[in-house]
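# With the input below, show me the fold.
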Amino acid sequence: MVIAIDGKWLWDSWYIHDGERWHGYFLQADRSLGDPDLRHFNVTQGHATSADLVTWDHEGTTFRPAEGPAWDDYTTWTGSVVRGDDGLWHLFYTGTSRSERGLYQRIGHATSTDLHRWARVGDGLALDLTGPNADRYETEHMVGFWHDRAMRDPWVMRDPEGPGWLMYFTARSPGVPEANGGGAIGFATSPDLMTWTLQPPVFVGAFGQLEVPQVFERGGRWFCLFCTAAQHWGEAAKQMLGTPRTGTHYLIGDGPRGTWGVAPLPLLDMDDPCRRYAARIVETAEGMRILGFADGGKESFGGFIMDPEPVELGPDGLLRVVPQPHPAET
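Predicted structure coming up:
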């Protein structure tokens, strides 16, 4: 195991390199809760640093829910970190409130000078499902149809096609009769990381949810990683990819704004039971590496971040994980 803390479950993670070392951020909760399903609403964010993505120094808790009442006083979930033109580090994260029982997700914003101590920008709220394009999203909790009002897991990057910034996030599209056909990759743009404009989703369909998106270019093609569970495969995904599995797969796009489509077989990093979930791909001097948390299902939940494994881009333009033997798993 690459990142593990005695007495804690760890799950979703994200990474940034500061020019000298890697910073890994992850969701964490106390194992004393007993049931790993309870971790989601008893969460803080942890921080660790590394020179090689294998040996890590733990820096402690780095971010937590706001003192209530606030829009993010219940949970502060998965996000991403970038460095702005102002020299500050910018954290974008998922937040929920106790007053809404954690069912409505929104995207928050905090900044730091040292990648550990974070201060919310204003009240922290960066983006909600409001404005001219809000009708392209499921803006209300569809009770009995879906389990939440989805707007989470922001992935922020510079716009490679011009000035400004792009944000991708987990969302849902309204009016899709099949619950598992309404998953969407939401989209927003900003000139400065401070003011965000909600745009239409860049992808809708095939799955009920596409969690923890990550967008990057490799070999002239654009890729959008996402993770999902077997029970959230729609009929279109089953017809295309076969038997549902849980884990990480990806979309292929013509550019950062799409058009996007589900990558064909083979599945990137999915299994039954799930081996690794909420994976990220990072670029190192040795090539691409994938990191995610050990899952295993509720009865065998791992709760640690697994060692990185190489990812290759084949001559067919598809991504593949190159499994490596690890003592913790053998």
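# which residues sit against stretch 34-41?
Contacts with stretch 34-41, where a contact means CB atoms under 8 Å, 6 or more residues apart in numbering, come from 9, 11, 27, 29, 33, 74-75, 77, 102, 298, 301, 303. Just so you know, the C-beta spots here come from the backbone N, C-alpha and C atoms, and that holds for glycine as well.
# Is there a quick PyMOL command that grabs whichever of the residues you listed are buried?
The PyMOL selection below is limited to those of those classed as buried (16 or more other CB atoms under 10 Å):
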select buried, resi 9+11+27+29+74+75+77+102+301+303
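# Include pLDDT, distance to G108 and secondary structure when you put the contacts of stretch 34-41 into TSV, please.
Compiled in TSV, the contacts of stretch 34-41 are given as follows (pLDDT from 0 to 100; distance: CB to CB, whole Å; DSSP: H, G, I helix; E, B strand; the rest coil):
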residue	pLDDT	distance to G108	secondary structure
W9	98	22	strand
W11	98	19	strand
L27	98	14	strand
A29	98	19	strand
L33	97	24	helix
Y74	98	12	coil
T75	98	11	strand
W77	98	10	strand
G102	98	14	coil
K298	85	28	helix
F301	96	27	coil
G303	97	25	coil
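# Figure out the length between the terminal residues of stretch 36-56.
24 Å (CA to CA, to the nearest Å).
# same question for that stretch, mean pLDDT?
For stretch 36-56, the mean per-residue pLDDT is 97.
# Tell me how far that stretch lies from the chain's centre.
13 Å (CA atoms, centre = their mean, to the nearest Å).
# Show me what counts as buried in that stretch.
Buried, per 16+ other CB under 10 Å, within stretch 36-56: 36, 39, 41, 43-50, 53, 56.
# for stretch 312-328, same thing?
Within stretch 312-328, the residues scored as buried using 16+ other CB under 10 Å are 313, 318-319, 321.
# With just CA atoms, put stretch 243-254 into CSV.
Taking Å, rounded to 0.1, in the frame of the first residue of the first chain, the C-alpha atoms of stretch 243-254 are listed here in CSV:
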residue,chain,number,x,y,z
THR,A,243,-20.9,-7.5,-18.4
PRO,A,244,-21.0,-4.5,-15.9
ARG,A,245,-17.9,-4.1,-13.7
THR,A,246,-16.9,-1.5,-11.1
GLY,A,247,-13.9,0.8,-11.3
THR,A,248,-12.3,3.2,-13.8
HIS,A,249,-12.8,3.6,-17.5
TYR,A,250,-12.7,6.6,-19.8
LEU,A,251,-14.1,8.7,-22.6
ILE,A,252,-12.2,9.6,-25.8
GLY,A,253,-12.7,13.2,-27.2
ASP,A,254,-11.8,15.2,-30.2
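# coming back round to it: among the buried residues of stretch 312-328, which one sits closest to P264?
Using CB to CB, L318 is the member of the buried residues of stretch 312-328 that lies nearest P264, at 7.3 Å.
# can you pull the contacts of that closest one?
By CB under 8 Å, 6+ apart, the contact list for L318 reads 263-264, 266.
# change it to 7 Å
Contacts here follow CB atoms under 7 Å, 6 or more residues apart in numbering; on that basis L318 touches A263.
# still on that earlier bit, out of the buried residues of stretch 312-328, list just those in strands.
313, 319, 321 (DSSP state E).
# I'd like those residues laid out as a markdown table, including distance to W89 and pLDDT.
Below are those laid out as a markdown table (distance: CB to CB, whole Å; pLDDT from 0 to 100):
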| residue | distance to W89 | pLDDT |
| --- | --- | --- |
| L313 | 29 | 97 |
| L319 | 28 | 98 |
| V321 | 29 | 97 |
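# Could you give the number of residues near G24?
A count of nearby residues for G24, using other CB atoms under 10 Å, gives 24.
# Just after the helix or strand hosting it, pick out the following helix or strand.
For G24, the enclosing helix or strand under DSSP states H and E is strand 22-30. For strand 22-30, the following helix or strand on the C-terminal side (DSSP H and E) is strand 44-50.
# tell me the angle that next one makes with strand 22-30.
In terms of direction (axes from the mean of the first three to the mean of the last three CA atoms, to 10 degrees), strand 44-50 departs from strand 22-30 by 140 degrees.
# I'd like to know which elements strand 44-50 is packed against.
Under the contact criterion of 3 or more CB pairs under 7 Å, 6 or more residues apart in numbering; DSSP states H and E, strand 44-50 touches strand 22-30, strand 56-63.
# all helices in the protein, in order from the N-terminus.
235-241 (DSSP state H).
# Residue ranges in it under the pLDDT threshold?
Across the chain, the ranges flagged by pLDDT under 70 are 1, 326-330.
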